[in-house]
Each structure stands twice: as C-alpha cells, then as structure tokens.
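# Have a look at this prediction, sequence included:
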2 protein chains.
Amino acid sequence: MDTPLREPTFLILTALAREPMHGYAIIGEVAALSDGRLSLRPGTLYGALDRLTDAGLVELDREETVDGRLRRYYRLSPTGDATLAAETERLRRNVEAATARLRARAARPLAPRTAGGLA
Amino acid sequence: MDTPLREPTFLILTALAREPMHGYAIIGEVAALSDGRLSLRPGTLYGALDRLTDAGLVELDREETVDGRLRRYYRLSPTGDATLAAETERLRRNVEAATARLRARAARPLAPRTAGGLA
DNA sequence: ACCCAATACCTTCGCGTCCGATATATTGAG
DNA sequence: CTCAATATATCGGACGCGAAGGTATTGGGT
C-alpha cells in the first residue's frame, strides 16, 4: 500500500480523524472540508469504505438505529492514522515544491534570460 | 477538467514549471522532487504528456537531436500554469485540514470526552 | 390519506489514469 | 561485440472514481 491516496479517499480519512462518523455524515463532512468543491457520491463513498476496511485503515465502530434508519459508524484505525499522517507529509512536500517553482516563475513571466549575468 | 490531478501528473507539471524539459529528464526531475519516492514509468510519462498536451496544459517547446538521440522538449502553457496553481491551492487546503485534525487527535489519543465544558 | 423530499444504506457499470512490460534506436564502455 | 544508458513509444491489466439506480423509513405539504 504505497499507492498514493486519491483526493476522495484522503478526505474520508481526514473526516474520520476527528471522531467516528456514519457514511451519510461523511459526505457532508467532506463537502465542508473542501468548501463544497467535492461532493462524494454514494458509489465512491461505500466503495472506498469497503476498500479502506479491507486495508485495515478504518474499522467498524458501532451501529445505531435512529428513527428506524440504520447508522453504521466507522472509525480511523491506528494504521489509518499513520497512513493519513504519512500522506499528509507527502502532499505537504509536493505543495512546497510546486509553490517554490510557481513563485520563481512569476518572477520572470516572459524573460528566461534577464540580460544575464550568470551562465 | 475539474478532475483533480493525480500525483504523477501533478509532479510532471511541477517539473515543467521551472523550464522546458524533455521526457527522460522529467523522470529524473520527478524522482528528485519526490525524494525518490516516485519513479515514473515510461508508460505513465508519455501517456500523461499526451493527455496534458490534448488538454492544453503543456505544449511542445522544441526538438533537438543530441548524439543521434531525439529530445522532445515540453513546456508549461499559461493554462497549465493556472491549473497547477489552482491544484496547489486545493492540496494546501487539504493538507491544512488533515494537519489540524491529526493534531487534535494527538492531543487526546484515547479520551474522546475530556471532562468537557462545551456541549 | 397521499406523495415527495430527506435520511441512510448498498450495488452495478463504464471511464480514465496509472503501471509494468515490451519494443526500437543510438552512443559509449567493457 | 555485447551490454548499459539514453530516449522515444505502445499495449494490456488493475483499480479507484463517478453516475445512476435500488431499498427502506420518517416527516412535511396539500
């Protein structure tokens, strides 16, 4: 499992990091986390939840029935916690690398040779 | 194209942000960017380059022949620049959200209720 | 009493991306 | 003369994601 997590999976783990949640609530939490940019579809969510459970990153926490509707709560496992931390570090480095290059680029928008001194 | 970029694609754009590069050099640059964690395969690279060219994010810069070997240089287009910037911002928010939750989690490893004050 | 929206679960299917393997061509080292 | 490195390209499989649809219950509108 060193396959980098894709965005939906990453945000599902992030949502669960705070406290155990049930599927439908995760959809809302991910939407909030991403400022509404990403609205998970059921197919994405439950597929991911199954995969993450098989991989041992999340665990079934408990089940509740509220108003006749089942709520299945999932929780982040220790492995999931470590994976999320590692993924976050990976992303942080990528963001830093991209930011540095974009900044350098903004400094010389159209002039590769700045009436050069060096090389 | 509001599909989030996957990591290989993101790093290819990042590599090209500094200056135009040819394919084989991009592989090395991406490896350096990721501290050797990601080594692009030719299948990934040229597939991505074709897709990115079709999408208008990168452009063919020039072609050189060095020692009988063709070098095809690609450059980041203005659209690619903007896309990379937007993607970087998106990732930055995700990193911040995950970091905040992981930090809160570390503070209370096994105690969901800290003898609470606020509801 | 009726229907529709919202809550909450789950499944199936197609697409796009990625990766591994493979192929080709040239130069330089052993 | 062969092998490694440089440099391009293609193909098939795997897998995650998204769209759509299906089941069930409660509550609001008419």
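Sure, I can see it.
# Neighbours of the closest residue to DNA strand D within chain A, how many?
Closest approach between chain A and DNA strand D, counting by CB to the nearest atom of the strand: residue A:43, at 1.9 Å. For glycine as for every other residue, the C-beta is placed from the backbone atoms N, C-alpha and C. Counted with other CB atoms under 10 Å in any protein chain shown, the neighbours of residue A:43 add up to 8.
# How is it assigned, secondary-structure-wise?
helix (DSSP: H, G, I helix; E, B strand; the rest coil).
# And the host helix or strand of residue A:16, what does it pack against?
Per DSSP states H and E: residue A:16 is located in helix A:7-18. Contacts defined by 3 or more CB pairs under 8 Å, 6 or more residues apart in numbering or on different chains; DSSP states H and E place helix A:7-18 against helix A:23-33, helix A:42-54, strand A:69-76, helix A:78-107, helix B:78-107.
# Kindly recompute the last result at 10 Å.
Packing partners of helix A:7-18 (3 or more CB pairs under 10 Å, 6 or more residues apart in numbering or on different chains; DSSP states H and E): helix A:23-33, helix A:42-54, strand A:58-66, strand A:69-76, helix A:78-107, helix B:78-107.
# Dump the ones you listed to a markdown table, plus distance to residue B:47 and mean pLDDT.
What follows is those, written out as a markdown table (distance: least, CB to CB, whole Å; pLDDT from 0 to 100):
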| stretch | distance to residue B:47 | mean pLDDT |
| --- | --- | --- |
| helix A:23-33 | 29 | 94 |
| helix A:42-54 | 24 | 95 |
| strand A:58-66 | 32 | 94 |
| strand A:69-76 | 34 | 95 |
| helix A:78-107 | 20 | 94 |
| helix B:78-107 | 17 | 93 |
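# Residue A:16: which of the ones you listed is closest?
Distance to residue A:16, taken as CB to CB, is lowest for strand A:69-76 among those, at 4.4 Å.
# re earlier: can you lay out the helices and strands packed on helix A:7-18 as a markdown table showing distance to residue A:13?
A markdown table is the format used below for the helices and strands packed on helix A:7-18 (distance: least, CB to CB, whole Å):
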| stretch | distance to residue A:13 |
| --- | --- |
| helix A:23-33 | 10 |
| helix A:42-54 | 7 |
| strand A:58-66 | 7 |
| strand A:69-76 | 6 |
| helix A:78-107 | 5 |
| helix B:78-107 | 8 |
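# Format those as a markdown table; extra columns: distance to DNA strand C.
Below are the helices and strands packed on helix A:7-18 laid out as a markdown table (distance: least, CB to the nearest atom of the strand, whole Å):
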| stretch | distance to DNA strand C |
| --- | --- |
| helix A:23-33 | 3 |
| helix A:42-54 | 3 |
| strand A:58-66 | 5 |
| strand A:69-76 | 4 |
| helix A:78-107 | 12 |
| helix B:78-107 | 11 |
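# Out of the ones you listed, which gets nearest to residue A:17?
Of these, nearest to residue A:17 by CB to CB is helix B:78-107, at 3.9 Å.
# quick check: angle from the closest one to helix A:23-33?
Computed by axes from the mean of the first three to the mean of the last three CA atoms, to 10 degrees, the angle separating helix B:78-107 from helix A:23-33 equals 120 degrees.
# So is helix B:78-107 next to chain A?
Yes - residues of helix B:78-107 are located near chain A by CB under 10 Å from any CB of the partner chain, namely B:78, B:81, B:84-85, B:87-106.
# tilt between that helix and strand B:69-76?
Orientation check (the same axes, to 10 degrees): helix B:78-107 against strand B:69-76 gives 70 degrees.
# Only the buried residues of helix B:78-107, if you could.
For helix B:78-107, the neighbour count (16 or more other CB atoms under 10 Å in any protein chain shown) marks B:80-81, B:83-85, B:87-88, B:90-92, B:94-95, B:97-99, B:101-102, B:105 as buried.
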